[in-house]
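S.K.: Show me how the following folds:
(2 chains)
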Amino acid sequence: MTLIRPRLQSLIFEVTQHCNHACLHCYNVWQAAGSYPRGELDTSRTLELLARALDETDCRHVTLTGGEPLLRCDLVSILEFLQRRRVQVTIISNGRLLSESTAASLIQLGVGLFELPLLSASPQVHDDLSGAPGAWQAVLDAMVNVRKAHGQVVSAFVATRRNITDLYETIRLAFAFGARGLMLNRFNPGGRGREHLVELLPSAEQVSLALSIAEAASVEYNLPISCSIPIQPCLIDIGRFPHLGFGFCSAGSVRAYYTLDPLGNLRPCNHSDIILGNLFETSFADLISSRQMQTFTCAIPPFCVDCSRRDECQGGCKASAQVCYGSLEAEEPFLYFNQPLARR
Amino acid sequence: MNISRRDFMKLVGVSVASLALTRCRFAPFATCYAPMPPTPTVLPSAMERLRLCWLSFGELAQATVDEFKQVLPPSIESIPQTVIEGVEPTAAPKTNPENAFGQQLIARHRQALDEIVTAGELTRPVADLVQEAYDAAVYHVWRSNAPITCYAPVIVNYAPVSADTLVRQSELVNELASQGNINPQTLANAQAAIQHDMAFYALTDAEVSSLYDRLIAESQSQAQAVPSFENVELEASPDARAAARFIINLLTSQ
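M.R.: Residues are numbered from 1 along each chain as shown, chains lettered A, B, ... in the order given. Predicted structure coming up:
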């Protein structure tokens, strides 16, 4: 057993696999056809799991996600535990259950940031992508409720073929409703989203245009906008958008976001279905220094080996490549479908 | 305002860090021809070391930028060949930007605080809150200067939004109302939240002045002196107040 406590910037904990929405673009790994373990632990075992994760790492930030985390009936107990451990908490939610009183109590329990989806300025488009009538109205109410309790919201816009042209109006809506920033994530196929890959995956030209719009809107509204899902620089010159933040895969570094599922299985990230092992059986340090994890970290598609920006870009999202095409070294869908445009 | 003790201390820490980074000086700086201070021949006191920690945010910002410039994911050549060939890897392939300088500062701050507690100059609960504020300040400076990675949430500005932003938000909400998509009750709530923020955050100079005048007048009408900091009705615990006061004294002492 390794005794060192790895330092992590953040840990993602999937508190439940249940969800009250059915997003077409959902990347939850258990939504894909396959045999991913299902279920969740009771409260005491869950707290034991979290204690183990925090004891075995140097981690001060936990993101609670799902499924829909607010469906977990012992969420308050989990938050109280994290508060006692002096951990900063972010919640990724669809906002459906974020009433005024719930928002206030979650903020009181130390939730510093809510990531809520805002997929369109059109109710119909948002609701269709969410697979849930009334989702758009609910998320706007949730944003107001968080604001009234002096909490912080970041809006998440998943750019698909269905909504990418709504981006500007959606940014305006997010700004009007008090979002402190916007995550502009191009659709990254996985989970249920894999079934809708062709239907939803935007082209590089569409994403490039969306980035131009986001760049201008970021300046116009002084709103931070980040593009967290990797966008390959060979497909789009991201240097043209100085006001946008661009992220690349951080697997294997201190900024990795290892993901713990409700049963204690640890994965390299929330998009990956690779289980490194169970935290009840193996220490955190041993799991993340495993050969499996190193293979994940080092994987790069052969297409990218000669690229001058391969170290930064790493070919894009290797988790998506694995989930969609069965190999970490495959070209992930956004690169695969847009490869003819790649500037080498 | 109802705010938890921890959040209060974090806000104190982040505010101090933000002030430091916008070149707000806590002590007079030597000017041209000012005499140089003598070279210290004894170790600085715990209080002086603590103060130095709070005055190091500029260095931390620069160190963060430098750290990320140096650290890139591995090139293919640097990945052990054994990994590529599917044999047991021999070395960790990726170097980590770990906010090393920030961690050093936090450790130094904790050590100095412990000495101050041992000397009986500060109670343990207050020291813990001071440390909490410092941790938040270091994280704030690091996070503000480190590039984002995949799925890291966008860097959020925790400072109150400006009056200008609130006015623009209000105008936009009115515009959205005319489009008729959004539930009128939601729009009313959104406007109410903006108004609340305006009242809370965006007092004009004249309003602040008027508020002070009113408070002074109230005190005088009751034949009382203007309340001291200790007596102002802040919704923060005595420990949190003591910790905030300690930090202010630390940074403003000559």
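
S.K.: top helix in chain A by residue count?
M.R.: The residue-count maximum for a helix in chain A (DSSP state H) belongs to helix A:204-221.

S.K.: buried residues in it?
M.R.: Across helix A:204-221, burial judged by 16 or more other Cβ atoms under 10 Å in any protein chain shown covers A:204, A:206-211, A:213-215, A:217-218, A:221. C-beta coordinates here come from the backbone N, C-alpha and C atoms, glycine included.

S.K.: For A:Ile274, grab phi and psi.
M.R.: Taking degrees, to the nearest 10, you get phi -80, psi 120 for the backbone angles of A:Ile274.

S.K.: ok, now A:Ile225?
M.R.: According to degrees, to the nearest 10, A:Ile225 has phi -130, psi 130.

S.K.: which residues does B:Phe246 contact?
M.R.: B:Leu122, B:Val126, B:Val130 (Cβ atoms under 8 Å, 6 or more residues apart in numbering or on different chains).

S.K.: got it, and A:Ser120?
M.R.: A:Ser120 neighbours (Cβ under 8 Å, 6+ apart): A:His126, A:Leu129, A:Trp136, A:Asn163, A:Asp166, A:Glu169, A:Thr170.

S.K.: can I get the residues you listed in TSV with distance to B:Thr165, secondary structure and neighbour count?
M.R.: TSV is the format used below for the contacts of A:Ser120 (distance: Cβ to Cβ, whole Å; DSSP: H, G, I helix; E, B strand; the rest coil; neighbours: other Cβ atoms under 10 Å in any protein chain shown):
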residue	distance to B:Thr165	secondary structure	neighbour count
A:His126	24	helix	25
A:Leu129	28	helix	26
A:Trp136	23	helix	28
A:Asn163	25	coil	25
A:Asp166	23	helix	20
A:Glu169	19	helix	15
A:Thr170	18	helix	24
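
S.K.: quick one: which two of the residues you listed are the most distant?
M.R.: By the measure Cβ to Cβ, A:Leu129 and A:Glu169 form the most distant pair in the contacts of A:Ser120, at 15.0 Å.

S.K.: Run a quick neighbour tally on B:Ala100.
M.R.: The number of residues packed near B:Ala100 is 13, by other Cβ atoms under 10 Å in any protein chain shown.

S.K.: now do B:Leu187
M.R.: 20.

S.K.: name the element the nearest residue to it once chain neighbours are set aside belongs to?
M.R.: Spatial nearest neighbour of B:Leu187, excluding adjacent residues (Cβ to Cβ, 6 or more residues apart in numbering or on different chains): B:Ala177 at 4.9 Å. B:Ala177 is part of helix B:163-179 when elements are defined by DSSP states H and E.

S.K.: quick one: average confidence on that helix?
M.R.: The average pLDDT within helix B:163-179 is 89.

S.K.: next one: stretch A:237-248
M.R.: Stretch A:237-248 comes out at a mean pLDDT of 89.

S.K.: Pull that stretch out as PDB, backbone CA atoms only.
M.R.: Taking Å, rounded to 0.1, in the frame of the first residue of the first chain, the C-alpha atoms of stretch A:237-248 are listed here in PDB:
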ATOM      1  CA  ASP A 237      -7.500  28.200 -34.100                       C
ATOM      2  CA  ILE A 238      -8.400  28.900 -30.500                       C
ATOM      3  CA  GLY A 239      -5.900  31.700 -30.400                       C
ATOM      4  CA  ARG A 240      -8.500  33.900 -32.100                       C
ATOM      5  CA  PHE A 241     -10.600  33.900 -29.000                       C
ATOM      6  CA  PRO A 242      -8.500  35.600 -26.300                       C
ATOM      7  CA  HIS A 243     -11.400  36.200 -23.900                       C
ATOM      8  CA  LEU A 244     -12.400  32.600 -23.700                       C
ATOM      9  CA  GLY A 245     -10.700  30.000 -21.500                       C
ATOM     10  CA  PHE A 246      -9.800  26.700 -23.100                       C
ATOM     11  CA  GLY A 247      -9.200  23.500 -21.200                       C
ATOM     12  CA  PHE A 248      -7.600  20.200 -22.100                       C
END
